[in-house]
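K.L.:
model this:
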Amino acid sequence: MGTDDRRSIFSIYIIVIGITGFLLDGCTATPQFDAPPHYVQFFENKDTPIGTLLFLLRATDSVNPFNEMTIFTNDQETAYYVSIIQLKNTSPAVANVTLKHELDRESLSKSVRLYILDVCDEAPMFDRPSYTLEIDEINITQPLLVFREIHATDRDNGYSAVVTYKMESTYLKELYKDTFSMDPTNGSVFLLRNLDYENNSFYQFAVHSQDTCNLTADPVDFFVKVKDVQDMPPFFVGVPYYKSISEGLYMLELVLRVTAIDGDLGIPNQISYSFITNNRFCQEHFAINSSTGEVVVTGRLDWEMDEVKYIHGVCNFIVQAKEIDNHPRNQRGQTVSNQTVTVTILQSNTHEPHIQINPTITNNFQTEHRLWQVSELEYMELDENKNVRLNNIAWRA
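P.N.:
A predicted model of the protein is given here:
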């Protein structure tokens, strides 16, 4: 066999695979060799002695250039013919491929498969220090996807870079139970039951992530802020409203004040007040300020008036509180509430009694020394009830 005939080609294919696992031939993943796969020719037998440096390998992690990598082969025949000697503390990773046994064209034509393995040494990291969801209070009939922005990355690659997620409540676990859930594969958050601002307007969770090497990220906070919507009617405070007043109050004198508040405390509307009553006297003698809720006197109050006697001095009103809604399209509930107001008019002692002598009726009273003649007296008291009182009557002969 001539010199040229003794030449043998030993083909070496370089394939870069995954981080902690192997991909199919032809797949591209980081880390990568600096040069694409190619053929290198060698002379057989003693023309390429044992220990010859066949070629040099360089590999770089495109995600993290300083990541620790290992260059190796898992094929027994390849390991028989070549040695892979990786240099220490180099970036990119460098390895010498040297011949261990002679090459013989008649006995060998072999493909050598080499892999680079990324060491699983990086924990996942969240892309934000915290996450916040603002959501309207809402009623649902089935689980609803509400947040998909939570994401953690692992600077390792391949199988070891697969990240899973978990969400835990930080306090009041029973209150948070079954309200939200998290998809462990992608960190998506689902709403499981209705949200009511008046019941609970804030939730806080700790989110964890872990890769397949059981390395964990520092937990981050996930805040949920429930926004109020217009779905609650106004409500009155300081009830019940009862007030007793004396007759003879001045015009526009304050009787009492009613107060109502929008039930949607997060986005309250202003309130307008009005009276509802079927009694004409009460309607004409009292009024309410539509802005402040102040009830005042607007007419003369006197127990000698037939209208007052007819109602026994008691005026019952229905005060209506109504939201001033500038955006009615956003209203999802009632905007009006009613409350009873009772005003009692008390009789005061404002009239002097009147005494009149009736001379047509006389009586004779005989005493030991004298005969008395007494006429009948008529006593008239315009005030009634407890204000009627006759203290002293002076008699004179």
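K.L.:
contacts only, for T185.
P.N.:
Contacts for T185 (C-beta atoms under 8 Å, 6 or more residues apart in numbering) come out as 164-165. Backbone N, C-alpha and C define where each C-beta goes, glycine included.
K.L.:
and what of A217?
P.N.:
Contacts of A217 by C-beta under 8 Å, 6+ apart are 123-126, 152, 208-210.
K.L.:
by pLDDT, give me the weakest of those residues.
P.N.:
Among those, A123 has the lowest pLDDT, at 88.
K.L.:
near it, how many other residues are there?
P.N.:
19 (other C-beta atoms under 10 Å).
K.L.:
residue contacts, it?
P.N.:
Contacts of A123 (C-beta under 8 Å, 6+ apart): 154, 211, 215-217.
K.L.:
just the buried ones from the residues you listed?
P.N.:
154, 211, 215, 217 (16 or more other C-beta atoms under 10 Å).
K.L.:
turn those residues into TSV, including secondary structure and pLDDT.
P.N.:
Formatted as TSV, the buried ones among the contacts of A123 follow (DSSP: H, G, I helix; E, B strand; the rest coil; pLDDT from 0 to 100):
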residue	secondary structure	pLDDT
D154	coil	87
D211	strand	89
L215	coil	90
A217	coil	92
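K.L.:
could you pull out the strands for the stretch 51-200 of the chain?
P.N.:
53-60, 69-72, 82-86, 93-99, 112-118, 125-126, 130-136, 144-147, 152-153, 163-169, 180-182, 189-191 (DSSP state E, counting those that start in this stretch).
K.L.:
include distance to I245 and mean neighbour count when you put the ones you listed into CSV, please.
P.N.:
Shown next, in CSV, are the strands of the stretch 51-200 of the chain (distance: least, C-beta to C-beta, whole Å; neighbours: other C-beta atoms under 10 Å):
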stretch, distance to I245, mean neighbour count
strand 53-60, 92, 16
strand 69-72, 92, 18
strand 82-86, 100, 17
strand 93-99, 95, 19
strand 112-118, 88, 22
strand 125-126, 67, 18
strand 130-136, 46, 14
strand 144-147, 56, 14
strand 152-153, 70, 19
strand 163-169, 55, 18
strand 180-182, 55, 18
strand 189-191, 54, 20
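K.L.:
for this protein, what spans make up the helices?
P.N.:
For the chain, the helices defined by DSSP state H occupy 76-81, 173-176, 280-285, 306-310.
K.L.:
can you tell which of those helices is closest to D104?
P.N.:
Of all those, the one in closest proximity to D104, counting by C-beta to C-beta, is helix 76-81 (10.5 Å).
K.L.:
does anything pack onto that closest one? Which helices or strands?
P.N.:
In terms of contacts (3 or more C-beta pairs under 8 Å, 6 or more residues apart in numbering; DSSP states H and E), helix 76-81 is packed against strand 112-118.
K.L.:
how about a cut-off of 7 Å?
P.N.:
In terms of contacts (3 or more C-beta pairs under 7 Å, 6 or more residues apart in numbering; DSSP states H and E), helix 76-81 is packed against no helix or strand at all.
K.L.:
can I see the domain layout of the chain?
P.N.:
Per automatic domain parsing, the domain ranges recorded for the chain read 7-118, 125-227, 235-346, 354-387.
K.L.:
show me where pLDDT drops low in this protein?
P.N.:
Applying pLDDT under 70 to the chain picks out residues 1-31, 34-42, 45, 62-66, 105-119, 158-159, 171-175, 326-333, 349-397.
K.L.:
could you export the strands of the stretch 51-200 of the chain to JSON lines, including columns for distance to S246?
P.N.:
Below are the strands of the stretch 51-200 of the chain laid out as JSON lines (distance: least, C-beta to C-beta, whole Å):
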{"stretch": "strand 53-60", "distance to S246": "97"}
{"stretch": "strand 69-72", "distance to S246": "97"}
{"stretch": "strand 82-86", "distance to S246": "104"}
{"stretch": "strand 93-99", "distance to S246": "100"}
{"stretch": "strand 112-118", "distance to S246": "93"}
{"stretch": "strand 125-126", "distance to S246": "71"}
{"stretch": "strand 130-136", "distance to S246": "52"}
{"stretch": "strand 144-147", "distance to S246": "61"}
{"stretch": "strand 152-153", "distance to S246": "75"}
{"stretch": "strand 163-169", "distance to S246": "60"}
{"stretch": "strand 180-182", "distance to S246": "60"}
{"stretch": "strand 189-191", "distance to S246": "59"}
